[in-house]
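Q: Could you work out the structure for the sequence below:
(4 chains, ligands or ions: 4)
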There are 2 protein chains.
Amino acid sequence: MYKRPWWRGQFRQRGFRVTVPRETIIKVLSDRKKHMSVEEIFHEVIKTNPGVGLTTVYRTLELLRNMGFVSKLDFGDGFSRYELTIGDGSTHHHHLVCTGCGKVLDYSDFAEQETALIQEIERALNKKYNFVINTHQIHFFGLCKDCRGEQNEIGIV
Amino acid sequence: MYKRPWWRGQFRQRGFRVTVPRETIIKVLSDRKKHMSVEEIFHEVIKTNPGVGLTTVYRTLELLRNMGFVSKLDFGDGFSRYELTIGDGSTHHHHLVCTGCGKVLDYSDFAEQETALIQEIERALNKKYNFVINTHQIHFFGLCKDCRGEQNEIGIV
DNA sequence: TATGTTAATGAAAACAGTTTTCATTATGAG
DNA sequence: CTCATAATGAAAACTGTTTTCATTAACATA
Ligand SMILES: [Mn+2]
Ligand SMILES: [Mn+2]
Ligand SMILES: [Zn+2]
Ligand SMILES: [Zn+2]
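A: Ligands and ions are numbered 1, 2, ... in the order given. Here you go, the predicted structure:
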């Protein structure tokens, strides 16, 4: 049985066309690892659809972001990174970034405690600063085991 | 009485020269508002020292970052922003960003609760993922009162 | 205080990620 | 099937940042 992609209805409903490049890009985002850069997504896309242009990848990612299907992340390495926030088994989570090699880990341990504190903070910030909060990001920066090893070998600090 | 700048010793100690451009840049960071972009810092700097080049501002900010005196922030508007993390009355805090106008607010309410949870998370992530965590960022994104008003008037969503 | 070494600087060019332009293509309503 | 036009791809433009390199000035030394 054919499982209709979860996003088609959303596209048509909002007046956007369902095109081959868009299908391919969403497929790559669904199949491949998270936190892909635009270039990485592009290279995956052209493996199956060589005709798709880099510009279209940029445009589609921005569209998906506006639709709330994707979130754009910046871990300070000069590349914008994207991950699906909807569809398959995506759940809200936070990030652990190695400043040595750029590796990014998702973690969702502490989900309950974090959520509780975040909701409390959002309520209070809303009241105190008159801000309506839509989203948040929590990033931890550090060094993974490998990068600590390398540093010790080379002797940088 | 002349108060010796807190950072001079640190510079000399690490073999870095104390220069006029560096003095000026640090003064701007101390005096002016936080979260300044490089261009903003540059424009302040050349008000008193017209000779200083943009390149030197970039280089000095990177140096200050390596020395741990400044933190680089990215709120997704395409500009790197910097704020002193040491000196004057700087204390660790988190951020509230308006996605409408780019305004950034520091908040340090919840310092105790956040710190407690963060330390707990750091310990657990260290153990589970073998990561040594050096720093973290918490960003809340939303709309300030003014930007909610504008949106309603214009009718976007 | 004068001198020499070389870290630091400024201007220009290069770089790289992203956005814009515009002629062409193809989606999907009728 | 036909048509209006949203979407596309290639090239050019854009822009924040980095690199290059000749010149300047900080500061250790005498
Ligand atoms: Mn993630
Ligand atoms: Mn701040
Ligand atoms: Zn690493
Ligand atoms: Zn605002």
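
Q: The residue of chain A found nearest ligand 1 in helix, strand or coil?
A: Closest contact between chain A and ligand 1, by Cβ to the ion, is at residue A:106 (4.1 Å). The way it works is simple: take the backbone N, C-alpha and C, and place the C-beta from them, glycine included. Following DSSP: H, G, I helix; E, B strand; the rest coil, residue A:106 is assigned to strand.

Q: What separation is there between it and residue B:24?
A: Using Cβ to Cβ, to the nearest Å, residue A:106 is found at 42 Å from residue B:24.

Q: Looking at the two, which is more packed in?
A: Neighbours per residue (other Cβ atoms under 10 Å in any protein chain shown) separate residue A:106 from residue B:24, with residue B:24 holding more: 22 against 12.

Q: give the contact list for the more buried one.
A: Applying Cβ atoms under 8 Å, 6 or more residues apart in numbering or on different chains to residue B:24 gives the contacts B:45, B:48, B:49, B:52.

Q: Just give the nearest non-adjacent residue to the residue nearest the centre of chain A, would you?
A: Centroid-nearest residue in chain A, with Cα atoms, centre = their mean: residue A:83, separated by 2.4 Å. Distances taken as Cβ to Cβ, 6 or more residues apart in numbering or on different chains place residue A:34 nearest to residue A:83, at 4.3 Å, with adjacent residues excluded.

Q: For chain A, what lies in contact range of DNA strand D?
A: A:15-17, A:19, A:21-22, A:51-53, A:55-56, A:59-60 (Cβ under 7 Å from any atom of the strand).

Q: Could I get the phi/psi values of residue A:7?
A: Backbone geometry at residue A:7, expressed as degrees, to the nearest 10, gives phi -100, psi -10.

Q: quick one: it and residue A:63 touch, right?
A: No - Residue A:7 is beyond contact range of residue A:63, at 10.9 Å (criterion: Cβ atoms under 8 Å).

Q: Among the two, which residue is more densely surrounded?
A: residue A:7 (20 against 16).

Q: Give me the pLDDT value at the more buried one.
A: Looking at residue A:7, its pLDDT is 93.

Q: Which positions in the longest strand along chain A come out as buried?
A: The longest strand of chain A (DSSP state E) is strand A:132-143. With burial defined by 16 or more other Cβ atoms under 10 Å in any protein chain shown, the residues of strand A:132-143 counted as buried are A:133, A:136, A:137, A:138, A:139, A:140, A:141, A:142, A:143.

Q: That strand vs ligand 4: in contact?
A: No - remark: strand A:132-143 sits outside contact range of ligand 4, by Cβ under 5 Å from the ion, the gap being at least 10.3 Å.

Q: May I have the strands that pair with that strand, each with its orientation?
A: If you go by DSSP bridges, strand A:132-143 pairs up with strand A:94-98 (parallel), strand B:132-143 (antiparallel).

Q: can you redo those as TSV with distance to residue A:128 and mean pLDDT?
A: Converted to TSV, the strands paired with strand A:132-143 look like this (distance: least, Cβ to Cβ, whole Å; pLDDT from 0 to 100):
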stretch	distance to residue A:128	mean pLDDT
strand A:94-98	24	95
strand B:132-143	12	95
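
Q: Can you tell me which of these is nearest to residue B:78?
A: Proximity to residue B:78, assessed across the strands paired with strand A:132-143 by Cβ to Cβ, is greatest for strand B:132-143 (15.3 Å).

Q: Show me how chain A divides into domains.
A: According to automatic domain parsing, chain A comprises the domains A:1-90, A:91-157.

Q: chain center to the longest one: distance?
A: Right, domain A:1-90. Distance, stretch centre to chain centre, for domain A:1-90: 10 Å (Cα atoms, centre = their mean, to the nearest Å).

Q: when you scan that domain, is anything in it near DNA strand C?
A: Yes - against DNA strand C, domain A:1-90 shows contacts by Cβ under 7 Å from any atom of the strand at A:11-12, A:17-20, A:37-39, A:54-55, A:58-59, A:62, A:78-80.

Q: ditto for the last one
A: No - between domain A:91-157 and DNA strand C, judged by Cβ under 7 Å from any atom of the strand, nothing touches; the nearest distance is 12.4 Å.

Q: circling back: how about the longest strand of chain A and ligand 3, touching?
A: No - with Cβ under 5 Å from the ion as the criterion, ligand 3 is not reached by strand A:132-143; the gap is at least 5.9 Å.

Q: outside of that strand, which residues touch it?
A: Residues from elsewhere that reach strand A:132-143, judged by Cβ under 8 Å, 6+ apart: A:71, A:73, A:75, A:94-100, A:114, A:118, A:122, A:125-126, A:151, B:96, B:99, B:121-122, B:125, B:131-143, B:148.
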